[in-house]
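Visitor: Below are the sequence and a predicted model; questions follow.
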Amino acid sequence: MDYENILYGVEERIATITLNRPEKRNALSPALRREVIHALKAAEADDDVTLVLIQGAGPAFCAGYDMNSYAGGDDRPERPDGWNHSENFESWTGQFPRSCLRDWLTIWELLKPVVAKVHGHALAGGSELMSMCDIVFAADDCLIGYPPTRAQSTPDIEYFPWKLSMAQAKYLQLTGNSITGKRAEELGWIAKSFPADELDEQVMRELRPLATLHPAMLAANKLSLNQSYEVMGFRAALNSVVPWYSIARSFRPGAGEFQTKAANDGLKSALKWRDQAFRDEGFAL
């Protein structure tokens, strides 16, 4: 496959997927998502690959979903694979979060470990992609969070209860605040953080020995860990909260206010309306 939105390469048994829309802060369009899934499956099928690394080109890992790319018009909207266009289902069954969960469960189900290397920002959908990876390394100064929970919707993928304590999960989802990579390590959200200028070197230091292990051994360890979380209800929980996205985005009182402000006054104005009270108190994003 000729990729247009990612870079893909294999070296030292490590398959590297680089999100490559730096001018858009690697925002997740349907096309980019489709290519990431294709590359993940290609890496899984390649016996010369032991593990997969996902990273971002340019100043950020990923700024979230590229919502502008989903506005392709009624006749030919750009949609992720598996989207149900039927008028019986599209408006209320959460086709968007269903598609996100469908895509990123590919990482969960992959027989090879998937590692995220995060710099700059990992926001909203970017934090979902990051959090569904098996291991996450990040720069100390990067920012990770889910600001859309302030005014737009609940997360597409409700990872907070599975990655953090109840206290921190509620704090971060209710406030929409972002935290640094260093703080994310302290809270156990990610595995390790490093100074930004050492991130590439330190991640490769972690991955080189890991890539020498037998892929079957790594698969057995990943599957046994995942099975424990499946028994605890991981997959059922992620599926069960999809309706809350639809309710929060489309049916609750005040639903659509952010989108209306963005359409009428521009995205910057809508973001200021959403975030200014938090910025005034010195909170990031």
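Guide: Arrived safely, thanks for sending.

Visitor: tell me the SS of residue 59?
Guide: coil (DSSP: H, G, I helix; E, B strand; the rest coil).

Visitor: Quick check: closest non-adjacent residue to it.
Guide: Among residues not flanking residue 59 along the chain, residue 120 sits closest, at 4.9 Å (CB to CB, 6 or more residues apart in numbering). (Each C-beta comes from the backbone N, C-alpha and C, glycine too.)

Visitor: Might you report the residue contacts of the one you found?
Guide: For residue 120, the contacting residues are 25, 56, 58-61, 139, 142-143, by CB atoms under 8 Å, 6 or more residues apart in numbering.

Visitor: Of those residues, just the buried ones, ChimeraX syntax please.
Guide: In ChimeraX, a selection of the buried entries from the contacts of residue 120 looks like this (16 or more other CB atoms under 10 Å):
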select :25,56,58,60,61,139,142,143
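
Visitor: Now flag whichever of the contacts of residue 120 is closest to residue 206.
Guide: residue 139 (14.0 Å; CB to CB).

Visitor: ok, how many other residues are close to the nearest residue to the closest one once chain neighbours are set aside?
Guide: Closest residue to residue 139 apart from its sequence neighbours, by CB to CB, 6+ apart: residue 196 at 4.1 Å. By other CB atoms under 10 Å, the residues close to residue 196 number 15.

Visitor: gap between residue 278 and residue 116?
Guide: 26 Å (CB to CB, to the nearest Å).

Visitor: Tell me which of these two has more neighbours.
Guide: The neighbour count for residue 278 versus residue 116, taken as other CB under 10 Å, is higher for residue 116 (28 against 17).

Visitor: Assign a three-state SS to that one, would you?
Guide: Counting by three-state DSSP, the backbone at residue 116 sits in strand.

Visitor: So it sits against residue 129, correct?
Guide: Yes: under the criterion of CB atoms under 8 Å, residue 116 makes contact with residue 129 at 7.2 Å.

Visitor: list the residues that contact both of the two?
Guide: Any residue near both residue 116 and residue 129 by CB under 8 Å, 6+ apart counts here, and that gives 54, 122.

Visitor: for the helix or strand containing residue 130, what is the average pLDDT?
Guide: Element membership of residue 130, judged by DSSP states H and E, is helix 125-131. Averaged across helix 125-131, the pLDDT comes to 98.

Visitor: ditto for stretch 92-104
Guide: Rounded mean pLDDT across stretch 92-104 is 94.

Visitor: chain center to it: distance?
Guide: 13 Å (CA atoms, centre = their mean, to the nearest Å).

Visitor: Need the phi and psi values for the residue nearest to residue 59.
Guide: With angles defined as degrees, to the nearest 10, residue 120 sits at phi 70, psi -90.

Visitor: could you measure it against residue 56, distance?
Guide: 7 Å.

Visitor: what helices or strands is the worst-scoring helix or strand of the chain on mean pLDDT leaning on?
Guide: For the chain, scoring each helix and strand by mean pLDDT, DSSP states H and E identifies helix 257-265 as the least confident one, at a mean of 91. The contact analysis (3 or more CB pairs under 8 Å, 6 or more residues apart in numbering; DSSP states H and E) places helix 257-265 against helix 267-280.

Visitor: which parts of the helix it packs on are buried?
Guide: Neighbour-count burial for helix 267-280 [16+ other CB under 10 Å]: 270-271, 273-275, 278.

Visitor: now swap in stretch 163-180 and tell me
Guide: Result for stretch 163-180 [16+ other CB under 10 Å]: buried residues 163-164, 168-169, 172-173, 176-180.
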